[in-house]
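Enquirer: after the sequence you'll find the predicted model.
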Amino acid sequence: MSWTSPADVAARVRRRWDSGELLRAYAAREPFPTITVALRGPKAGQIGDDLVAARAWVQALDVGSRDGRRYRLEWAAVGGRAVGRNQIPVRAHVGTWEQAWALLQVRGDVGRFDELLALAAAELAPPVREWMAARPLRALELADDVPRLIAAWRWLDASRGSGKYLRELDAPGVDTKFVERHRGVLAEMLGVRAQPAEFLAGLGLAGAPSLVRLRMDLRLPGLGTVSELALRVDELARLDLRPARVLVVENLVTYLSVPVPGGGAVVWGQGFDVGRLGAWPWLADAELRYWGDLDAKGFEILHRMRAAWPHARSVLMDEATLLAHRDRWVSEPRPPKGAALPHLTDDEQAVYTALVEDRHGRAVRLEQERIDWDWASERLADLQ
């Protein structure tokens, strides 16, 4: 028989606990949201057929209520043979916080949650309390770490805009590994993004500097001829390089293998934001080329580069190269939907559109390092 049991009543309330709804309302000091559970029980005819089973069902629900400490039963008279006082329970009402905690047997968790809220209030950490009130079950999971989370939040919040490195953190009991492990939680408390670079940038803290590698056929004042440099982006902008030709490539092995243009340079793009190339004034008079993957991302990077330097040209990002390497195509792990890229040429736009619209097959892409080296060398020869 599928008659409602005390466990079924508890399961209905448990869903509200598992969603965090009950503790969120409790933390906000809201009135208890009364939960009413309609009870499936015996019909009048079933009572007559099996009076013992009907009485046992009524008794189980009555005992399960623990004299109203877990839930209150609502009774209604039924026809047919009498059962007890000719009434059976038709609804169970959970109407107070104490009833809910007793029914779910979570008084210990609620007491711990009260302690965490009180600790955040005593430590004058409103954002931490707000976070715990919004994510109470996660707060309970991290209960042992909450004192250190408060200490980390306080140091990070006080250090906003300071330009400090995270390694300078001196909050009690907190180190950089703790912050990294709980970065997502701290980001929510601090109102910044959780990605490592965005977390630091959002707080105005210093991150690892972006280094750019470039191979050169140039002489530098005081250094003479140098084959390769790795410099911070801003420092590279201050150099008076004056290369005749510059080739930007994405793949490291390709960067190391491609011949350096005479009087020029090869830059390893490594997926960095090519918009930063706009900070390098010595590119203005250079013959600038970009060689990226034949996929949506490659064309998006080319689009951003050309926004900074309109004279930039692509190389090996054409339909002939794509179609000549069918046997080396792979699939995009997350096929793009396509975007407006007004800085592409008509030919580039045609290749990009064919890729994002799957005209050559599902999610086709040709990675830079898969292009035949003889094919690539012939088309790079004019850079020498």
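Expert: Great, that's in hand. Numbers count the residues shown, from 1 in each chain.
Enquirer: elements contacting the least confident helix or strand in the chain by mean pLDDT?
Expert: Lowest on mean pLDDT, DSSP states H and E among the helices and strands of the chain sits helix 44-49, with a mean of 75. Judged by 3 or more Cβ pairs under 8 Å, 6 or more residues apart in numbering; DSSP states H and E, helix 44-49 is in contact with helix 51-64. For glycine as for every other residue, the C-beta is placed from the backbone atoms N, C-alpha and C.
Enquirer: in the helix it packs on, which residues are buried?
Expert: Applying a neighbour-count criterion of 16 or more other Cβ atoms under 10 Å, one finds 54, 57, 58, 61, 62, 64 buried in helix 51-64.
Enquirer: show residues contacting it.
Expert: Helix 51-64 is contacted by residues 1, 3-6, 9, 39, 41-42, 46-47, 70-71, 73, 81, 83-84, 88-89, 92 when judged by Cβ atoms under 8 Å, 6 or more residues apart in numbering.
Enquirer: now that helix: mean pLDDT?
Expert: When pLDDT is averaged over helix 51-64, the result is 92.
Enquirer: now stretch 345-363
Expert: Rounded mean pLDDT across stretch 345-363 is 94.
Enquirer: in this structure, where is pLDDT below threshold?
Expert: Along the chain, segments meeting pLDDT under 70 span 1, 79-86, 271-276, 278, 384.
Enquirer: spell out which residues make up each domain of it.
Expert: Following automatic domain parsing, the chain resolves into domains at 6-104, 107-203, 211-383.
Enquirer: coming back round to it: may I see the PyMOL selection of the buried members of the contacts of helix 51-64?
Expert: Of the contacts of helix 51-64, the buried ones go into a single PyMOL selection, burial set by 16+ other Cβ under 10 Å:
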select buried, resi 3+4+6+9+39+41+42+46+47+70+71+73+83+88+89+92
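Enquirer: let's see which of the contacts of helix 51-64 end up in helices.
Expert: The helices, defined by DSSP state H, take in 6, 9, 46, 47 from the contacts of helix 51-64.
Enquirer: of the residues you listed, just say which sits nearest to residue 330.
Expert: Of all the ones in helices among the contacts of helix 51-64, residue 330 sits closest to residue 9, with 54.8 Å by Cβ to Cβ.
Enquirer: these two touch, right, the closest one and residue 99?
Expert: No. Residue 9 is not in contact with residue 99 according to Cβ atoms under 8 Å; the separation is 10.7 Å.
Enquirer: tally of neighbours for residue 98?
Expert: The number of residues packed near residue 98 is 14, by other Cβ atoms under 10 Å.
Enquirer: surely it touches residue 70?
Expert: No. Between residue 98 and residue 70 there is no contact, the gap being 9.3 Å when judged by Cβ under 8 Å.
Enquirer: distance of residue 308 from residue 49?
Expert: Counting by Cβ to Cβ, to the nearest Å, the gap from residue 308 to residue 49 is 84 Å.
Enquirer: I meant residue 178, not that one.
Expert: Applying Cβ to Cβ to residue 178 and residue 49 gives a distance of 65 Å.
Enquirer: those two: who's more crowded?
Expert: Each of residue 178 and residue 49 has its neighbours counted (other Cβ under 10 Å); residue 178 has more, 18 against 13.
Enquirer: please enumerate the strands of the stretch 101-250 of the chain.
Expert: Secondary structure of the stretch 101-250 of the chain by DSSP state E, counting those that start in this stretch: the strands cover 211-220, 224-232, 245-249.
Enquirer: could you say which of these is packed most deeply?
Expert: Ranked by mean neighbour count under mean count of other Cβ atoms under 10 Å, the strands of the stretch 101-250 of the chain are led by strand 245-249, which reaches a mean of 24.
Enquirer: helices or strands up against that strand?
Expert: Against strand 245-249 (3+ Cβ pairs under 8 Å, 6+ apart) you get strand 265-268, strand 287-291.
Enquirer: note down every partner strand of the shortest one and its orientation.
Expert: If I follow you right, that is strand 265-268. Here strand 265-268 is paired, per DSSP bridges, with strand 211-220 (antiparallel), strand 245-249 (parallel).
Enquirer: in JSON lines, list those along with distance to residue 262.
Expert: Below are the strands paired with strand 265-268 laid out as JSON lines (distance: least, Cβ to Cβ, whole Å):
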{"stretch": "strand 211-220", "distance to residue 262": "6"}
{"stretch": "strand 245-249", "distance to residue 262": "8"}
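Enquirer: that older thread, mind putting the strands of the stretch 101-250 of the chain into TSV with distance to residue 353?
Expert: Converted to TSV, these look like this (distance: least, Cβ to Cβ, whole Å):
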stretch	distance to residue 353
strand 211-220	31
strand 224-232	37
strand 245-249	23
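Enquirer: and these: which comes nearest residue 300?
Expert: Among those, strand 245-249 comes nearest to residue 300, with 14.2 Å by Cβ to Cβ.
Enquirer: thinking again about what came up before, out of the helices and strands packed on strand 245-249, which gets nearest to residue 129?
Expert: Using Cβ to Cβ, those put strand 265-268 closest to residue 129, at 46.9 Å.
Enquirer: surely residue 318 meets residue 346?
Expert: No. Here residue 318 does not reach residue 346: they are 11.9 Å apart, not a contact under Cβ under 8 Å.
Enquirer: quick check: which of the helices and strands packed on strand 245-249 is nearest to residue 223?
Expert: Closest to residue 223 of the helices and strands packed on strand 245-249, according to Cβ to Cβ: strand 265-268, at 14.3 Å.
Enquirer: what about residue 292, how many residues nearby?
Expert: Residue 292 has 25 nearby residues by other Cβ under 10 Å.
Enquirer: contacts only, for it.
Expert: Contacts of residue 292 by Cβ under 8 Å, 6+ apart are 249, 250, 269, 298, 299, 301, 302, 314, 317, 368.
Enquirer: which residues does the third one contact?
Expert: Shown here is residue 269, whose contacts under the criterion Cβ under 8 Å, 6+ apart are 248, 249, 250, 290, 292, 301.
Enquirer: again, only this time at 6 Å
Expert: Neighbouring residues of residue 269 by Cβ atoms under 6 Å, 6 or more residues apart in numbering: 248, 250.
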